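Engineer: got a sequence here, can you build the structure:
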Amino acid sequence: MGQPLRLYQFIRMNKLKEIFLSYAASMNPTEEQSQLAQERLLTCIDCDHWIQGAVRDYCEVCGCTTSKKVFSPKGADGCPKGKWQN
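Structural biologist: Modelled structure (predicted):
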């Protein structure tokens, strides 16, 4: 039972790291990050899994707030449906 728990903790820590880095980048993005985030956001808005909520907009697949998720350092792998080009 120890191995699956450690794997879960490792995956969870990677997710938390991605969230932290996404929020940090969104606070003071470079011009390149801003442009990439805008492209990703347009892709998200066109996606069937994008939810426009009263408080926040988010991806119903991963649950992430899209205004921050689009700054993910994971590149194209940041979209759980593989819809981002970069």
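Engineer: so where do the strands sit in the protein?
Structural biologist: In the chain, the strands defined using DSSP state E lie at 50-52, 57-59.
Engineer: residue 25 is nearest to which of these?
Structural biologist: strand 57-59 (17.3 Å; Cβ to Cβ). Yep, even glycine has a C-beta here, placed from its N, CA and C like the rest.
Engineer: what residues does the closest one touch?
Structural biologist: Strand 57-59 has contacts (Cβ atoms under 8 Å, 6 or more residues apart in numbering) with 44, 47, 49, 50, 51, 64, 65, 66, 67, 69, 80.
Engineer: now, of these, which are buried?
Structural biologist: Among the contacts of strand 57-59, those buried by neighbour count (16 or more other Cβ atoms under 10 Å) are 44, 47, 50, 64, 65, 66, 67, 69.
Engineer: so the fifth one touches residue 53, yeah?
Structural biologist: No - under the contact definition of Cβ atoms under 8 Å, residue 65 does not touch residue 53, with a separation of 9.4 Å.
Engineer: so what's residue 80 up against?
Structural biologist: Neighbouring residues of residue 80 by Cβ under 8 Å, 6+ apart: 59, 61, 62.
Engineer: apart from its neighbours in sequence, what residue is nearest the last one?
Structural biologist: Leaving aside its sequence neighbours, residue 62 sits nearest to residue 80 (Cβ to Cβ, 6 or more residues apart in numbering; 4.6 Å).
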